[in-house]
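> just a sequence and a predicted model for now, questions to come.
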Amino acid sequence: MDAILTEASDLQYSDRPPVLLAGSSDAAIARADRTIHATGLRVGARLPLELAQVRIEEQGATSAVWIEIDKDCGGPMDDLLEYVSRDVACGRYAAVVSAPAALLDPIAARLDESAVELIIDADEADRAAALALATVQVARSPGLSDVASDRNADRLRQLSDEVSRIASTLARLSAGPGSAPRPTQTLPGADIPLVSADSIRSVIRARRLRARYFSEDLFADPAWDMLLDLLQAEIAQLRVPVSSLCIAAAVPATTALRWLKTMVGNGLFIRRADPHDGRRVFVELAPEASEALRRYFGEVGQVAVI
């Protein structure tokens, strides 16, 4: 990232409101502090998680809130994430939440707002990119690399466009050959082909086997991998938490989360809270997406689908 490679002495800090930083430990705060400064933004306050909500309420203005979590802080962490999620939904500021993979489910369960950038086990380039994406709607300053912002905004738009095309294709498939697309609330009809969980598992296994012979990055297709995983789970009547779906995507967790966010936004996936565990969210196929996938596999028959 251009922002990361810029020497600290060359940075011209923004005159925008500073970033408010909350962390679960001194080490977490220090790491986030380095990332924020590397992008040319100022840190207005560095606070432990349990004190952050009060400070945010008193803060006159802030460009973003960065929450760095390296351990489970229980109730204070949950309360802060829910509070920030509501604020982002109201457009008060942007937000980035950084955490390890072990905490993905409890954190994702508290972040309902799609505009919050959740990054998991991210490297410094991804961390800087997340801050650029989170603040892309805010006026840029000379201190924040315009190149970084432009590249990552374009990447996000391309991702959204690609998922929109997938949604349109699935809508046509679910309507059946020669039929007009049906509204998304239409339930699958009795003519939907039966698909076995074993057949979907075979497709998933075949896709994973490619990594034995070629670089896995060559075949990265998180949207299709997540669709397959959710279809297999639906047929087997299993529930899929966010963390499991990110693993199924076969890409870094932060990348998978951005795909998941966009797939939900385009009506392909549905998030459902676990009624027995408030710190977990399940993901499932929207009815239209499920119907389209079943029709697709019904049409290809025994052809090897990879």
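Yes, it's here. Residues are numbered from 1 along each chain as shown.

> any regions of the protein where pLDDT drops low?
Across the chain, the ranges flagged by pLDDT under 70 are 1-16, 60, 113, 137-190, 302-306.

> ok, and the closest non-adjacent residue to the most centrally placed residue in it?
Among the residues of the chain, the one closest to the centroid is L257, at 2.3 Å (C-alpha atoms, centre = their mean). In this structure, L257 finds its nearest non-sequential neighbour in L118, 5.4 Å apart by C-beta to C-beta, 6 or more residues apart in numbering. Where C-beta positions appear, they are placed from N, C-alpha and C, glycine not excepted.

> find the nearest non-adjacent residue to V251, please.
Nearest residue to V251 in three dimensions, chain neighbours excluded: P222, at 4.8 Å (C-beta to C-beta, 6+ apart).

> next, the contact list for that neighbour, please.
Residues in contact with P222 (C-beta atoms under 8 Å, 6 or more residues apart in numbering) are 249-251, 255-256, 259.

> taking the residues you listed, tell me the two that lie furthest apart.
Spanning the widest gap among the contacts of P222 are A250 and W259, at 11.1 Å by C-beta to C-beta.

> what's the local residue count around the residue nearest to L257?
24 (other C-beta atoms under 10 Å).

> what lies in contact with the host helix or strand of it?
Using DSSP states H and E, L118 maps to strand 117-120. Here strand 117-120 makes contact (C-beta under 8 Å, 6+ apart) with 94-101, 104, 107-108, 111, 126-127, 130-131, 133-134, 246, 252-254, 257.

> put the alpha carbons of it into CSV.
C-alpha atoms of strand 117-120 as CSV (Å, rounded to 0.1, in the frame of the first residue of the first chain):
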residue,chain,number,x,y,z
GLU,A,117,-15.3,-2.8,8.2
LEU,A,118,-14.5,-6.0,10.1
ILE,A,119,-11.0,-7.4,9.4
ILE,A,120,-9.7,-10.7,10.7
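
> ok, that strand: who's next to it in the sheet?
strand 94-99 (parallel) (DSSP bridges).

> and the gap between the nearest residue to R208 once chain neighbours are set aside and T39?
Excluding its sequence neighbours, the residue lying closest to R208 (C-beta to C-beta, 6+ apart) is A250, at 7.5 Å. From A250 across to T39, the span is 29 Å (C-beta to C-beta, to the nearest Å).
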